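S.K.: sequence-free structure coming up:
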């Protein structure tokens, strides 16, 4: 049978069946009516006549059902034709098992109206085993609703997209690239093969099939194992040994091809005329031993943007080896070293354009020459650069976290012992000002480490529902003082702005950093605008290297009228320590801190700038509905009268920090038990006579960390309060701490008063 034109045939079949049933019922009703007339007994005739009427009504009902089915069939047909008939993609509708019920115009043109009624038979000429593929896709679509497969057919690449369309029906869409490489290959006079993984032969054009004599499954069947790109070699065919050239096109999804050269005499000798050289559809160069380009085929001249027929050195066209290109070519000609492909950069190009060059040896008139196979690697190098940048930023983040842990321990010890010395000094003491200088510099260092932690997203956040209008209103006075009198600051809020979930203190830090950068970009004065808006993304937004999912967002734009950022620097503004300011004017951590805070909050930040016109930073935060009631907060606590008794178990692996913390707590009257590790602390707690009121523990320690040992200890002593302290906390710590009742977090570095007051508060809390 030929392709059906619509799925309405199913409804037409049902209508035909109902018509046959209706006719049978009419006949039965007529027979019963005649029987009732012939019966002489009235009591018997009445039930028979009534049965005839009921059957006649049933026939009428079936007739109505048939009309409804036909009308529905026409409606379904019109809907399907309207949806799919003009679709540029090939669309097929089938029932389970692959039986076709509809094919649109593109499908009939692609596959031909060849009278085949199932998908398997339809694809048999394109795929070796279509049944397995179709069964796999149908099973997946039945389970999850859809399925996608990218396949390679004898005609090239094809994407098959399958969607479940109701009970037992499927919609198939076949997406074929607009310009198939293999169509050109079919028309190409040179025999060629396309290779897949493990040297599997995916495709042979007609010229290759004619020369080889039959289709082959792999290179091994032709006597080849693993040729190098650009190399000349021989394969076994029905006509004997035939020279060929192996080409690897890294810029086209890693495609590998072999071109057969039946006119060549041996693997390292090309025809005297090199006529086949210009016929090859890949960029090729013929090089002398010193790197002179003796010949370039049209694709190579187009790729290198070099139309002059005069000989030119390869080093004048390409650069980037780190050594003279002529030396690399000479080594390849003399077979010194490996002939692995190299990535080179085009000279004199306005943009960064890269070419992969693979060299192979050949002989021309008794002289050794080189064949250079080129492929455009610009996109590949761009992806590689993005990956390297991502790895670099990740490494900086890990380094920041590690530095913060150790550095904050040192700062805690310095600040703590400085506080101990200040306890015995008054402002009139000659050493008091020196100690205060130490204390202030410790605070500056702690702020710097805090910015590193914000960039590496290892700070501990306390997110709540925020209305940015209220947050910015509270911040306006401070922002006006920051920008000064020469810069005007204006705020523009959308009425009914949605809420966001974030740490208020950190969001304020982001806004202040952006405003300070905007102010510094306008030394002669100007205007800074902060605009908040609601935004709904109906489709994912792809920008730079980020993809913002569809949904509701709250946007914050901070724009200025300053000197702007150069295009070559806009991609680096969020890197730590990158700054355009002079030495001493900035650390280069302001924007990287803002980036880290926004990403840790689940948002996105983008920068747009035009030189001499200004810069705009756009922030996107996932939107939340304003809560009708206040978010759950910890139960209110009241402090009883200050006491100076109680037992504290102090667990800290850094001896200077433990020494300071122990002295600070003892000076406030607490009894302190010290442990250098979690294992030592658990061993102390095995003594049931050992009473403890508060655990004060570091989070990150060798061996068992703070949250783990505390959870084990609380299983036996649930009444004990907990104070966690750390120079930084991993992302998972906040979730673990939330499950531990009566616990607080004390960030390092902390002062003597911070520690003592926190412990005393936990010691004396009473739930009201």
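M.R.: Received, thanks. Just so you know, these numbers come straight off a predicted model, no measurement behind them.
S.K.: got any ranges where the stretch 301-450 of the chain has weak pLDDT?
M.R.: Within the stretch 301-450 of the chain, the set of residues satisfying pLDDT under 70 comprises 321, 337-339, 349-351, 382-402, 447-450.
S.K.: one more pass at 80, please.
M.R.: Judged against pLDDT under 80, the low-scoring parts of the stretch 301-450 of the chain cover residues 305-311, 320-323, 335-341, 348-352, 360-367, 375-409, 423-430, 432, 439-440, 443-450.
S.K.: how about the stretch 101-250 of the chain?
M.R.: Applying pLDDT under 80 to the stretch 101-250 of the chain flags the ranges 101-102, 105-106, 108-117, 122-132, 143-144, 150-158, 165-168, 175-250.
S.K.: quick one: the helices in it?
M.R.: For the stretch 101-250 of the chain, the helices defined by DSSP state H, counting those that start in this stretch cover 105-111, 119-123, 130-144, 181-187, 206-212.
S.K.: which of those helices is buried the deepest?
M.R.: Between the helices of the stretch 101-250 of the chain, helix 119-123 has the highest mean count of neighbours, a mean of 21, where neighbours are mean count of other Cβ atoms under 10 Å. C-betas here are computed from N, CA, C, even on glycine.
S.K.: who are the packing partners of it?
M.R.: Under the contact criterion of 3 or more Cβ pairs under 8 Å, 6 or more residues apart in numbering; DSSP states H and E, helix 119-123 touches strand 90-95, helix 130-144.
S.K.: out of these, nearest to residue 747?
M.R.: Between residue 747 and these, the shortest gap by Cβ to Cβ is with helix 130-144, which sits at 45.1 Å.
S.K.: now do that closest one against strand 90-95: the angle between them, please.
M.R.: With axes from the mean of the first three to the mean of the last three Cα atoms, to 10 degrees defining the directions, helix 130-144 sits at 70 degrees from strand 90-95.
S.K.: reformat the helices and strands packed on helix 119-123 as CSV; add distance to residue 429.
M.R.: Compiled in CSV, the helices and strands packed on helix 119-123 are given as follows (distance: least, Cβ to Cβ, whole Å):
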stretch, distance to residue 429
strand 90-95, 88
helix 130-144, 75
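S.K.: residue 608 is nearest to which of these?
M.R.: When the helices and strands packed on helix 119-123 are compared for distance to residue 608 using Cβ to Cβ, the nearest one is helix 130-144, at 39.0 Å.
S.K.: ranges for the helices of the stretch 451-600 of the chain?
M.R.: In order along the chain, the stretch 451-600 of the chain carries the following helices (DSSP H, counting those that start in this stretch): 468-483, 504-520, 590-600.
S.K.: and the longest one, what's buried?
M.R.: In this case it means helix 504-520. 504, 506-515, 517-520 (16 or more other Cβ atoms under 10 Å).
S.K.: helices or strands next to it in the packing?
M.R.: Here helix 504-520 touches strand 464-466, helix 468-483, strand 526-537, strand 551-560, helix 590-600, strand 614-624, going by 3+ Cβ pairs under 8 Å, 6+ apart.
S.K.: check contacts around residue 415.
M.R.: For residue 415, the set of contacting residues under the criterion of Cβ atoms under 8 Å, 6 or more residues apart in numbering consists of 439, 442, 443, 446, 749, 750, 751.
S.K.: 6 Å instead, please
M.R.: By Cβ atoms under 6 Å, 6 or more residues apart in numbering, the residues touching residue 415 are 442, 749.
S.K.: from residue 745, how far out is it?
M.R.: Residue 415 sits at a distance of 18 Å from residue 745 (criterion: Cβ to Cβ, to the nearest Å).
S.K.: what does residue 342 give?
M.R.: With distances taken as Cβ to Cβ, residue 342 is found 53 Å from residue 745.
S.K.: now the helices of the stretch 101-250 of the chain in JSON lines, with distance to residue 489?
M.R.: Shown next, in JSON lines, are the helices of the stretch 101-250 of the chain (distance: least, Cβ to Cβ, whole Å):
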{"stretch": "helix 105-111", "distance to residue 489": "58"}
{"stretch": "helix 119-123", "distance to residue 489": "65"}
{"stretch": "helix 130-144", "distance to residue 489": "52"}
{"stretch": "helix 181-187", "distance to residue 489": "58"}
{"stretch": "helix 206-212", "distance to residue 489": "71"}
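S.K.: out of those, nearest to residue 697?
M.R.: Judged by Cβ to Cβ, the one of these that comes nearest to residue 697 is helix 130-144, at 46.1 Å.
S.K.: which helices and strands does that closest one pack with?
M.R.: Based on contacts counted as 3 or more Cβ pairs under 6 Å, 6 or more residues apart in numbering; DSSP states H and E, the elements that helix 130-144 packs against are helix 119-123, strand 146-153, strand 156-164.
S.K.: to residue 596, which of those lies closest?
M.R.: Of the helices and strands packed on helix 130-144, nearest to residue 596 by Cβ to Cβ is strand 146-153, at 35.7 Å.
S.K.: list the contacts of the closest one.
M.R.: Under the criterion Cβ under 6 Å, 6+ apart, external residues in contact with strand 146-153 comprise 126, 137, 140, 141, 158, 159, 160, 161, 162, 163, 202.
S.K.: if we can go back for a sec, the helices of the stretch 451-600 of the chain: which one's closest to residue 568?
M.R.: Checking the helices of the stretch 451-600 of the chain against residue 568 by Cβ to Cβ gives helix 590-600 as the closest, at 16.4 Å.
S.K.: count the residues that sit near residue 663.
M.R.: The tally of other residues near residue 663 (other Cβ atoms under 10 Å) stands at 16.
S.K.: now the helices and strands packed on helix 130-144 as JSON lines including distance to residue 492?
M.R.: Listed next are these as JSON lines, based on distance: least, Cβ to Cβ, whole Å:
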{"stretch": "helix 119-123", "distance to residue 492": "58"}
{"stretch": "strand 146-153", "distance to residue 492": "43"}
{"stretch": "strand 156-164", "distance to residue 492": "44"}
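S.K.: what's the closest of these to residue 716?
M.R.: Comparing the helices and strands packed on helix 130-144 against residue 716 with Cβ to Cβ, the closest turns out to be strand 146-153 (52.6 Å).
S.K.: re earlier: can you flag the weakest of the helices and strands packed on helix 504-520 by average pLDDT?
M.R.: By mean pLDDT, the lowest-scoring of the helices and strands packed on helix 504-520 turns out to be helix 590-600, with a mean of 80.
S.K.: just give me how far that helix sits from the chain centre.
M.R.: When distances are taken as Cα atoms, centre = their mean, to the nearest Å, helix 590-600 is centred 19 Å away from the chain's centroid.
S.K.: which is the succeeding secondary structure element to that helix?
M.R.: Toward the C-terminal end, the helix or strand that comes next after helix 590-600 (DSSP states H and E) is strand 604-610.
S.K.: direction included, what does that next one pair against?
M.R.: strand 614-624 (antiparallel) (DSSP bridges).
S.K.: can you classify residue 648 by secondary structure?
M.R.: Local secondary structure at residue 648 is given as strand here, using DSSP: H, G, I helix; E, B strand; the rest coil.
S.K.: scratch that, residue 669
M.R.: Applying three-state DSSP to residue 669 yields a three-state assignment of coil.
S.K.: low-confidence ranges, the stretch 601-750 of the chain, go.
M.R.: Counting by pLDDT under 80, the ranges of the stretch 601-750 of the chain that qualify are 627-645, 727-739, 741.
S.K.: tell me which stretches of it form strands.
M.R.: Along the stretch 601-750 of the chain, the segments classed as strands by DSSP state E, counting those that start in this stretch run 604-610, 614-624, 637-639, 647-651, 671-675, 694-698, 721-726, 743-747.
S.K.: most tightly packed of those?
M.R.: Of all the strands of the stretch 601-750 of the chain, strand 694-698 has the most neighbours on average by mean count of other Cβ under 10 Å, namely a mean of 25.
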